[in-house]
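Participant: structure, please.
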Amino acid sequence: MNKLLYLLLVLFSVVGLISCEDNEFLEENPKTIFTPDNAFTTSKQVDDQLVTAYLALAETYTDTWWLGLGADNFDVEDYQCGFGATGESNYASWTTNDFAGQWNTLYQIASYANLAIKGSDQVTWTSESDKAYELAQAKFLRGWAYLRLGELFGGVPIVEEYSEELKLDYTRATREATYQFAVTNFTEAIAGLPEAPAQSGRMSKSAASHFLAEAYLALGTETGNASYYQDAIDAASDVIDAHPLMTDRFGVRANPADGGTSNGAPNYRADGDVFYDLFRKGNYDAAENTESVWVAKSADYDGFMNYFTGQGWFGPNSDAPVFTVGANAAPVFRDLYWSDEYMEDGAASSPWSGSIDQSQYSGGATGYYCGGFSIARFAPTNYLAHKVWGNEETSEYWDDMRNSELNYSRIHLCLDQNHSMYLQPITDDMIVQRGGGFNQYFPMSAKVFNREDMWGFEAVTLSTGSASIYGRDMYLVRSAETYLIRAEAYLRNGQADEAADDLNALRTRANSAKLFTEGEVDIYTILDERIRELSFEEHRWATLLRIGGDVMKNQLMNNATFVADAPTPIFTGTIDWDLLPIPTDAVIGVNSGAVIEQNPGWD
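Facilitator: Model prediction:
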């Protein structure tokens with residue numbers, strides 16, 4: 001059992017640094033007043049701070065805002081907004097206090113890292129190498145926090161040491177200095193990190209080098225100093241050399257000799273491909289998966305329920321997976337009905353209700369085939385669902401493994417045996433949304449679903465009609481993203497031919513006939529390829545705000561203004577900012593001893 005990123009659930013706060021006997025607690029002994037200067041007595045307590053920081057970092061990859069909610073890839077569904085302009089991408093509704101949560105998360109991660117660095121000098125270590133490893137992890141985590149702060153907010157106050165003293169006179173460093181602080185931390189971390197993670201979920205040289213490449217790329221973009229682009233290329237190349245792309249099938253569903261099953265579905269998936277294999281439960285950190293650089297482990301059903309049932313929060317039949325994107329990202333099939341012309345006497349009102357062969361399509365509208373008990377909190381934009389792929393008849397981008405029916409499902413069959421369309425594909429024009437308005441029928445990514453059969457689903461959730469997959473991990477870094485970082489660095493460094501080669505490495509792996517020439521590569525080409533490859537994985541807001549300027553604004557205005565097939569735009573104003581606002585109440589307002597300037601466009 002992998003302990004790091006789901007047994008972390010028992011770590012509630014930094015306050016619990018040390019325990020003491022009850023009788024000691026009753027004594028008037030100053031040693032029981034814990035401060036950063038006396039709280040650490042063992043190296044495990046230092047590591048606990050790192051574990052807490054790792055958990056906070058990993059949780060950003062399960063949060064839909066970090067993954068791009070309101071950006072150019074997906075948004076709150078139009079029907080959930082009363083068919084009005086109230087989605088996340090209604091930027092006119094944003095306030096200067098809306099991003100305090102993101103700000104606080106990043107500074108908390110940096111604070112945990114600073115506390116671990118401070119505590120490392122207070123305890124006895126088994127060896128100097130153990131101490132060096134802990135310090136390397138702490139410096140990586142601190143560097144990561146400041147990289148993201150710089151990307152999202154620009155220049156921010158840099159806090160290098162943990163302190164309990166109240167400080168109300170912080171000042172902002174420049175964005176360049178913020179990025180440089182991240183680079184320094186990553187560089188120092190790499191010197192003390194192992195080639196491979198010592199434990200699943202821990203840091204390695206390659207994972208740190210990936211973010212070092214991103215930080216150098218950010219520095220180059222911010223300063224115009226081309227030498228940073230070469231630094232980014234070098235760091236990215238180290239990762240790519242150590243973690244080549246997977247190009248052949250592998251793992252739990254790729255072996256034709258495997259006669260095993262899961263929920264009656266055969267382990268071997270004959271129509272699978274390597275992209276499909278990358279996102280199967282059990283394959284994320286498999287030894288043969290060279291593309292995997294850094295993975296966050298999710299709890300399996302027993303591990304998750306044993307913890308939460310004990311807390312009284314969820315019962316044993318609860319549908320509460322750690323990886324929660326899936327339940328939010330599928331259409332609500334139970335709310336989709338036949339349009340009038342397709343209604344038939346004796347048949348159900350929906351293609352996914354009525355007389356359903358439960359042996360083949362267990363659960364109907366809330367079963368595995370329809371994505372489980374989906375709540376559709378967000379939907380893909382037209383950009384993600386359609387624009388970057390084009391159409392089957394004319395587009396040179398359609399023929400792509402990542403856009404296959406298996407990996408990005410666009411077709412669902414009628415499951416009602418009493419309807420003349422039984423087992424025929426349903427198209428948009430055949431259905432309507434309950435309550436009126438346009439229907440919410442959009443593609444589903446195999447990265448977050450196993451809608452093709454019941455393999456991997458937790459049996460108890462199938463029996464309760466709320467299909468869910470537990471123990472589904474998350475990529476924090478795949479080398480596919482490193483290729484895209486290097487491609488951007490090459491492009492900015494005047495090496496468009498090399499940039500095309502990196503993009504084509506991904507497109508060749510995807511069996512796409514369309515390959516880029518150097519003259520076709522620009523920053524928009526790279527952003528398109530990032531969305532094809534990394535949707536539901538990358539921190540899309542960090543990518544867009546790092547690039548900034550007109551590119552960021554064009555991406556949002558041209559691609560984020562429509563949700564699924566919504567008939568009305570979410571936002572039609574202008575974007576006068578290219579950074580998130582510094583939280584007014586939580587930061588600017590309380591910093592009474594010095595002025596923290598607000599970012600342009602938020603006055």
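
Participant: now do the longest helix along the chain: distance to the chain's middle.
Facilitator: Taking DSSP state H as the criterion, the chain has its longest helix at helix 128-153. Remark: helix 128-153 is offset 19 Å from the chain centroid, using C-alpha atoms, centre = their mean, to the nearest Å.

Participant: stretch 287-304 too?
Facilitator: The mean C-alpha position of stretch 287-304 is separated from the chain mean by 14 Å, C-alpha atoms, centre = their mean.

Participant: pLDDT on it, on average?
Facilitator: Averaged across stretch 287-304, the pLDDT comes to 88.

Participant: buried sites along it?
Facilitator: 289, 291-301, 303-304 (16 or more other C-beta atoms under 10 Å). No exception for glycine: its C-beta is placed from N, CA and C like everyone else's.

Participant: and the residue lying closest to residue 530 once chain neighbours are set aside, how many neighbours?
Facilitator: Excluding its sequence neighbours, the residue lying closest to residue 530 (C-beta to C-beta, 6 or more residues apart in numbering) is residue 484, at 5.3 Å. Residue 484 sits with 25 neighbouring residues when counted by other C-beta atoms under 10 Å.

Participant: what residues are up against residue 484?
Facilitator: Listed by C-beta atoms under 8 Å, 6 or more residues apart in numbering, the contact partners of residue 484 are 502-503, 506, 526, 529-530, 533-534.

Participant: can you do 10 Å?
Facilitator: For residue 484, the contacting residues are 236, 478, 499, 502-503, 505-506, 526-527, 529-530, 533-534, 538, 543, by C-beta atoms under 10 Å, 6 or more residues apart in numbering.

Participant: most neighbours among these, please name it.
Facilitator: residue 236 (29 neighbours).

Participant: element containing that one?
Facilitator: If you go by DSSP states H and E, residue 236 is part of helix 227-242.

Participant: distance between that helix and the chain's centre?
Facilitator: 23 Å.

Participant: for it, buried residues please.
Facilitator: In helix 227-242, residues buried by neighbour count (16+ other C-beta under 10 Å) are 228-229, 231-233, 235-236, 238-240, 242.

Participant: mind listing what the very next helix or strand once past it pairs with, with the direction of each?
Facilitator: Scanning forward in sequence from helix 227-242 by DSSP H and E, the next helix or strand is strand 261-262. If you go by DSSP bridges, strand 261-262 pairs up with strand 265-266 (antiparallel).

Participant: start and end of stretch 585-602, how far apart?
Facilitator: Chord length of stretch 585-602, first to last residue, is 14 Å (C-alpha to C-alpha, to the nearest Å).

Participant: any idea of the mean pLDDT for it?
Facilitator: 96.

Participant: now stretch 126-137: buried residues?
Facilitator: 131, 133-137.

Participant: now, which of the contacts of residue 484 lie within helices?
Facilitator: Those of the contacts of residue 484 lying in helices (DSSP H): 236, 499, 502-503, 505-506, 526-527, 529-530, 533-534, 543.

Participant: redo the residues you listed as a markdown table? Include pLDDT.
Facilitator: Shown next, in a markdown table, are the ones in helices among the contacts of residue 484 (pLDDT from 0 to 100):
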| residue | pLDDT |
| --- | --- |
| 236 | 98 |
| 499 | 98 |
| 502 | 98 |
| 503 | 98 |
| 505 | 98 |
| 506 | 98 |
| 526 | 98 |
| 527 | 98 |
| 529 | 98 |
| 530 | 98 |
| 533 | 98 |
| 534 | 98 |
| 543 | 98 |
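
Participant: quick one: which of the buried residues of stretch 126-137 is nearest residue 213?
Facilitator: Relative to residue 213, the closest of the buried residues of stretch 126-137 is residue 136; by C-beta to C-beta it sits at 17.6 Å.

Participant: re earlier: after the longest helix of the chain comes which helix or strand?
Facilitator: helix 175-192.

Participant: just checking, what packs against the following helix or strand past that following helix?
Facilitator: On the C-terminal side of helix 175-192, the nearest following helix or strand under DSSP H and E is helix 205-223. For helix 205-223, the elements it packs on are helix 128-153, helix 175-192, helix 227-242, strand 292-296, strand 474-478, helix 479-492, helix 540-547, judged by 3 or more C-beta pairs under 10 Å, 6 or more residues apart in numbering; DSSP states H and E.

Participant: tell me the angle of helix 205-223 relative to strand 292-296?
Facilitator: 100 degrees (axes from the mean of the first three to the mean of the last three C-alpha atoms, to 10 degrees).

Participant: tell me the buried residues in stretch 513-527?
Facilitator: 516, 521, 523, 525-527.

Participant: do stretch 140-154 as well
Facilitator: 140-154.

Participant: quick one: which of the residues you listed is nearest residue 339?
Facilitator: Proximity of those to residue 339 was ranked by C-beta to C-beta; the top entry is residue 152 with 43.3 Å.

Participant: residues in contact with that closest one?
Facilitator: 66, 99, 102-103, 106, 539, 541-542, 544-546, 579-580.

Participant: ok, now with 8 Å
Facilitator: Contacts of residue 152 by C-beta under 8 Å, 6+ apart are 99, 102, 106, 541-542, 545, 579-580.

Participant: residue 512 too?
Facilitator: 397, 399-401.

Participant: can I assume it sits in a helix?
Facilitator: No - counting by DSSP: H, G, I helix; E, B strand; the rest coil, residue 512 is located in no helix; its state is coil.

Participant: quickly note the distance from it to residue 399.
Facilitator: 6 Å (C-beta to C-beta, to the nearest Å).

Participant: over to residue 121?
Facilitator: Taken as C-beta to C-beta, the span from residue 121 to residue 399 is 58 Å.

Participant: re the thing from before, which one of the buried residues of stretch 513-527 is nearest residue 427?
Facilitator: Nearest to residue 427 among these, with distances taken as C-beta to C-beta, is residue 527, at 29.6 Å.

Participant: dump the C-alpha coordinates for stretch 144-161 into CSV.
Facilitator: Taking C-alpha atoms only, stretch 144-161 is exported to CSV below (Å, rounded to 0.1, in the frame of the first residue of the first chain):
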residue,chain,number,x,y,z
TRP,A,144,7.2,25.1,-6.4
ALA,A,145,5.0,27.4,-4.3
TYR,A,146,6.9,30.5,-5.5
LEU,A,147,6.9,29.4,-9.1
ARG,A,148,3.1,29.2,-9.0
LEU,A,149,2.8,32.4,-7.0
GLY,A,150,4.9,34.2,-9.7
GLU,A,151,2.9,32.7,-12.5
LEU,A,152,-0.5,33.5,-11.0
PHE,A,153,0.2,36.8,-9.1
GLY,A,154,3.5,38.2,-10.4
GLY,A,155,6.0,39.5,-7.9
VAL,A,156,5.1,38.6,-4.3
PRO,A,157,6.7,38.9,-0.9
ILE,A,158,9.4,36.3,-0.5
VAL,A,159,9.6,34.7,2.9
GLU,A,160,12.7,32.6,3.4
GLU,A,161,12.4,31.7,7.0
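
Participant: shaky segments in the stretch 251-400 of the chain?
Facilitator: 306-327 (pLDDT under 70).
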